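J.: pasted the sequence and its predicted model underneath.
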Amino acid sequence: MAAAATDRTVGAAVPAGPCDARRHDLELLPAAAGVVTRRVVLVCGPPAAGKTTWVAEHAAPGDRVVDLDGICQRLGSSDSHNHPEHVRAQARRVRVAEETLVARMKSGTAWVIRTMPEPERRNRHASALGATEVVVLATAADEARSRAAAARRPAWTGPVIDRWWDRYRPSTSRLEREIATSQPLEG
């Protein structure tokens, strides 16, 4: 599933996953009912929290997914997380363009993956995107470091996870929900 998750970007189809049965709480009203539907989910958490996996399990075919790692790979990075700086710089510009498209969407579903430990940044970004919800995957630091080591992520990942937790604060926004993911990811 990880390979499929990295290939999805704006406008790309999301393959149906094993969690289809759990999507009942994520269904949109049918457009045929005359209701214009628009859903934008900002998904945040520390590195190795499972953000890309969580989105892959909840997104439906045709949803837009904006993920810096996926963009880096589209631009030629051969690694899933340790990208050359010139690729990362270009990917950041592409991400801005893709997020602008998401902000202008009139209908459809988009998932935007970021880290953003500070509630002020999450709230500002959610507002700029016109997000309809914010999900924070609050994966415990020990679990995230364990996942990062198991996935052979770069050595800098552990300290970045610790910094994320040093800066993390929950939000009081009605759009935000926190999901503790100290166990295997599920919907």
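T.: Everything's here; your move. Residues are numbered from 1 along each chain as shown.

J.: so what does the helix or strand encompassing residue 42 touch, helix or strand wise?
T.: Secondary structure from DSSP states H and E places residue 42 in strand 38-44. When contacts are defined as 3 or more CB pairs under 8 Å, 6 or more residues apart in numbering; DSSP states H and E, strand 38-44 sits against helix 51-58, strand 108-113, helix 119-129, strand 133-137. Yep, even glycine has a C-beta here, placed from its N, CA and C like the rest.

J.: who touches the spatially most central residue of the chain in this structure?
T.: Of all residues in the chain, the one closest to the mean position by CA atoms, centre = their mean is residue 113, 2.4 Å from it. Under the criterion of CB atoms under 8 Å, 6 or more residues apart in numbering, the contact partners of residue 113 comprise 43-44, 51-52, 55, 65-68.

J.: and the furthest pair within these?
T.: 44 and 65 (14.4 Å; CB to CB).

J.: quick check: residue 172 touching residue 120?
T.: No: with contacts counted by CB atoms under 8 Å, residue 172 stays clear of residue 120, the gap being 11.2 Å.

J.: in whichever helix in the chain runs longest, what's buried?
T.: The longest helix of the chain (DSSP state H) is helix 85-104. For helix 85-104, burial by neighbour count (16 or more other CB atoms under 10 Å) applies to 87-88, 90-91, 94-95, 98-99, 102.

J.: that one - what's its average pLDDT?
T.: Mean pLDDT, helix 85-104: 95.

J.: packing partners of that helix?
T.: Looks like helix 85-104 contacts strand 64-66, helix 68-74, strand 108-113, helix 119-129 (3+ CB pairs under 8 Å, 6+ apart).

J.: mind putting the helices and strands packed on strand 38-44 in CSV, distance to residue 79 and mean pLDDT included?
T.: CSV is the format used below for the helices and strands packed on strand 38-44 (distance: least, CB to CB, whole Å; pLDDT from 0 to 100):
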stretch, distance to residue 79, mean pLDDT
helix 51-58, 14, 95
strand 108-113, 17, 98
helix 119-129, 26, 97
strand 133-137, 22, 97
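
J.: count the neighbours of residue 176 for me.
T.: 19 (other CB atoms under 10 Å).

J.: partners of the nearest residue to it once chain neighbours are set aside in the sheet?
T.: Nearest non-adjacent residue to residue 176, counting by CB to CB, 6 or more residues apart in numbering: residue 134, 4.1 Å away. Beta-bridge partners for residue 134, by DSSP bridges, are residue 42, residue 176.

J.: now residue 134: how far from residue 41?
T.: Distance of residue 134 to residue 41, computed by CB to CB, to the nearest Å: 7 Å.

J.: residue 55 too?
T.: From residue 55 to residue 41 the distance is 8 Å (CB to CB).
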